[in-house]
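Trainee: structure of the sequence below:
(2 chains)
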Amino acid sequence: MKLFKKKGDLYLSDKQPLSISGKILLGLTYIILISWAVVILWPLYQMILSAFNGRQEQYLMLNDQFTFSLKHFEYLFNNTLFFKWAKNTIFISVATAILTLIIVSFTGYAYSRYRFKGKKASLMAIMLIQAIPTFAGITAYFTMYSVISSINPAFTRQVMLILIYAGGGIANNTFILKGYIDSISTELDDAAKIDGCSNLQVYRLIIMPVARPMLALIGLWSFIGPFMDYLLPKVLLTSPETYTLAAGLFTLINDVRNLNQPAFAAGGLLTAIPIVILFVVLQKQLVSGLSKGSVKG
Amino acid sequence: MEVNLKNIGKKYEGREEFTLKDIDLRIESKDFCVILGPSGCGKTTLLRMIAGLNSITEGDLYFNDKRINKTPPKDRDISMVFQSYALYPHMTVYENMAFSLVMRKKNKKIIHERVIETAKLLELSDYLYSKPSDISGGQRQRVALGRAIVRKPKVFLMDEPLSNLDAKLREHMRVELVRLHKALGSTTVYVTHDQIEAMTMATKIVLMNDGKIQQVGKPEEFYNKPANMFVAKFIGSPNMNIIEGNINNGKFEAKDGIINVRPSEKDQKALKDYEGKKVYLGIRAERFESGGQLGDTFECTIDVVEMLGKEKTLYTRLESGHELVISVPGYYEYNGGERHSFGYDIDALHFFDSETKERIN
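Mentor: Numbers count the residues shown, from 1 in each chain, chains lettered A, B, ... in the order given. Next comes the predicted model:
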């Protein structure tokens, strides 16, 4: 009855069958990966749990008692400036993302397509400057801010923050975008120029759509940045009204007067929402391979 | 439109030498001009200069009587087909073809008509709404052509457009392109390194090497009267046989003494000044006479026989070790290892100066 061998018995993998030591190593790999995943997922799980746990008071307690309740969210909405912080953060994030995209579009395209004096040197300089942490320049930023704001009062600390974020992102992102545009055939540019495009139109109508996956990624990163950063807003922004989410939520765990750790967990959970939404929206763009088929076959 | 190049030179930034120098060329209206040359000879640079994609370092470029050195590509009334096709990947075939007209803000209805008309001409109607990534290489090539045709430009520039196609399709497209060129009545400048494309398609060939024009002329002239040794070796397959020797008493005598030919009277006149001097004799593989009943002959051993169907190519060796390639009609009996004697068709001898490598007769 060997003819009726079950399909499950056939060895279908392309790799050689594992030896015993191979199997042990594979098991070990799984153990390491699973424990790693637990280390990451456990705190997240606890955070979500406590955010919805009505039994939690001011301090987070890790115990078994759980009653579903939204009271921490209510506290967050009614007793703190959560909405204001969220609004500030989104404003700063969106502005940062847009500003970064615009500037990086120009620099990335220019570095990729044009030859000019000092191209290599300036690229290296940008890279080196990037090695200095943004925070090291805080005194300089402060001076710049006070000089500019004394001339133009509309220049708020939030605008300063946006400029710092956008400026800090330019160096890295220029490199990344330059690399991506380099991989797009220059014959596309030539064809567009003959078809009647000016230099800017070549970028806007041809290169930008082709480089969209990378631009989407850069946009996403720039957007996430302000959500993640605590240090700069904490130093630069002075009144709670202007705080970003990270800085604002932190007041819930470091100040005894209004300490509320479960509310902090709830806030953290809500913070993830805009990022997740943006990610879902951009998902299609993030899938690379758009440039396939443009040249050769 | 007539394209006129006067003393054109090109030097790239950061290079010591001129890539192109003193290019003088006149491409008549409705010419199918093929710029031929080995890779790195500057032919693509020349084409890009005509297109306006590269600047012109020195000299003048005229379209008809208008100097257009500084005119941007979009105002030159040209279109170009690229080696890699350079289709816009994010646009459909229709949008690709319509793009240049859209950029020129043409009426939507006219654009639609033109695109449909061109698509019909190139048999692309079924793919108009596919993306370039969804169609085959041959179809992409036709889209690239369509994109060039749709605008009805005065000058077509093509940069090795057939080099990415398979052999069969290439043969088909060669004929298509000539047909298209005749139907559109425009001037075409076509760059290639493939001598077969040049010989079959061109009304005028420009052969370039080392940044200089070696010869300009009709395909027949290239084959039958190469201007110098480079042209002689470059054009024709198998390559022309080149033999080194001296002229003694009006007779060509090779160094090894085996090849001795008395040229035709006309050639003898031309060779008068070379009495006693070193010259090169060139003879095409098919211009040897098998039978050996006429005039001078030589003997050789056949190394390898290549059967091509309508003809046989014989790779032979003289006693001195010199190799000669001879082609004979396919039905002749020749086998490897045999010794045979061959004569020369004395009307088809090419003599070249040993120093300048220029043609003598």
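
Trainee: switch to C-alpha atoms for all contacts and neighbour counts from now on
Mentor: Fine.

Trainee: for chain A, see how far away the closest residue to B:Met240 other than its chain neighbours is.
Mentor: Among residues not flanking B:Met240 along the chain, B:Arg284 sits closest, at 4.7 Å (CA to CA, 6 or more residues apart in numbering or on different chains). Distance of B:Arg284 to chain A, given as CA to the nearest CA, to the nearest Å: 37 Å.

Trainee: got it, and B:Leu165?
Mentor: Note on B:Leu165: its distance to chain A, by CA to the nearest CA, is 9 Å.

Trainee: give me the neighbour count for A:Ala125.
Mentor: Per other CA atoms under 10 Å in any protein chain shown, the neighbour tally for A:Ala125 reads 12.

Trainee: identify the residues contacting the residue nearest to B:Met240.
Mentor: The contact partners of B:Arg284, taken as CA atoms under 8 Å, 6 or more residues apart in numbering or on different chains, are B:Asn239, B:Met240, B:Asn241, B:Ile326, B:Ala348.

Trainee: what does B:Gln83 give?
Mentor: B:Gln83 makes contact with B:Met158, B:Asp159, B:Glu160, B:Pro161, B:Leu162, B:Ser163, B:Asn164, according to CA under 8 Å, 6+ apart.

Trainee: out of those, which are buried?
Mentor: The neighbour-count test (16 or more other CA atoms under 10 Å in any protein chain shown) marks B:Met158, B:Asp159, B:Glu160, B:Pro161, B:Leu162, B:Asn164 as buried among those.

Trainee: just the pLDDT at the last one, thanks.
Mentor: Per-residue confidence for B:Asn164 comes out at a pLDDT of 83.

Trainee: do the same with the second one
Mentor: Here the pLDDT value assigned to B:Asp159 is 90.

Trainee: do you know how far it is from B:Leu169?
Mentor: For B:Asp159, the distance to B:Leu169 (CA to CA, to the nearest Å) stands at 17 Å.

Trainee: just the contacts of B:Gln83: which are in strands?
Mentor: Counting by DSSP state E, the part of these found in strands is B:Met158, B:Asp159.

Trainee: can I get the contacts of B:Gln83 in CSV with distance to B:Val102?
Mentor: Formatted as CSV, the contacts of B:Gln83 follow (distance: CA to CA, whole Å):
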residue, distance to B:Val102
B:Met158, 22
B:Asp159, 24
B:Glu160, 27
B:Pro161, 24
B:Leu162, 27
B:Ser163, 29
B:Asn164, 28
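
Trainee: any low-confidence regions in chain A?
Mentor: A:1-8, A:61-64, A:287-297 (pLDDT under 70).

Trainee: what ranges does it have for its helices?
Mentor: Assigned by DSSP state H, the helices in chain A fall at A:20-52, A:71-79, A:82-113, A:119-130, A:138-151, A:157-182, A:186-194, A:199-201, A:208-210, A:212-228, A:231-236, A:245-254, A:261-286.

Trainee: the domain parsing of the chain - what is it?
Mentor: Went with chain A since none was named. Here the domain parsing of chain A from automatic domain parsing is A:20-75, A:81-286.

Trainee: please go with chain B instead
Mentor: Split by automatic domain parsing, chain B gives B:3-231, B:241-353.

Trainee: lowest average pLDDT across those domains?
Mentor: domain B:241-353 (a mean of 85).

Trainee: end-to-end on that domain?
Mentor: In domain B:241-353, first residue to last residue: 15 Å (CA to CA).
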